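Colleague: output the structure for:
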Amino acid sequence: MKKLEIIIKPDKLEDLKAVLEGCKVNGLMISNVMGYGNQKGYTQMYRGTKYNVNLLPKVKVETVVPKELADPIIDAVVKEINTGTYGDGKIFVYDVQDAVRIRTGEHGREAL
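Modeller: Below is the predicted model of the structure:
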């Protein structure tokens with residue numbers, strides 16, 4: 001199993017949810033987060049004063065999927081979410097050793 005941690009712009013959340021639903025993802029967790037990447041935020045002028053805004057609002061979507069579905073999902077997300085501009089986001093992929101459904105005690109794929 002693989003855990004996909006997808007960081008995107010907030011306005012792309014509905015597009016991402018549609019992609020994940022189209023790939024038959026069973027569940028996901030969504031968190032509002034703040035951060036920056038290579039660009040280190042941006043500089044803004046307000047009433048003649050310069051402000052450095054380096055913590056930008058982002059959305060983190062986490063899901064655990066069977067190993068064979070991870071690459072097709074990543075390809076679909078990159079194709080749909082990519083705008084070609086800074087801040088489009090990142091996908092982090094982790095190996096998941098096991099998953100347990102608390103209600104039934106099921107392990108592995110059955111727990112997803």
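Colleague: tell me the SS of the residue nearest to Lys3 when sequence neighbours are not counted?
Modeller: Among residues not flanking Lys3 along the chain, Tyr94 sits closest, at 4.2 Å (C-beta to C-beta, 6 or more residues apart in numbering). From N, CA and C alone the C-beta is placed, and that goes for glycine too. Of the three states, Tyr94 takes strand under DSSP: H, G, I helix; E, B strand; the rest coil.
Colleague: what of Lys40?
Modeller: Following three-state DSSP, we place Lys40 in the coil state.
Colleague: can you count the residues close to the closest residue to it other than its chain neighbours?
Modeller: Excluding the flanking residues, the one nearest Lys40 by C-beta to C-beta, 6+ apart is Asn54, at 5.6 Å. Neighbour count of Asn54, defined by other C-beta atoms under 10 Å: 13.
Colleague: per-residue pLDDT of Asn54, please?
Modeller: pLDDT, Asn54: 78.
Colleague: what separation do you get for it and Gly37?
Modeller: Applying C-beta to C-beta, to the nearest Å, the value for Asn54 to Gly37 is 10 Å.
Colleague: quick check, central residue of the protein?
Modeller: Ile6 (1.6 Å; C-alpha atoms, centre = their mean).
Colleague: for that residue, give me its contacts.
Modeller: 16, 60-63, 77, 89-92 (C-beta atoms under 8 Å, 6 or more residues apart in numbering).
Colleague: tell me which residues of stretch 11-25 are tucked away?
Modeller: 12, 16, 19-20, 23, 25 (16 or more other C-beta atoms under 10 Å).
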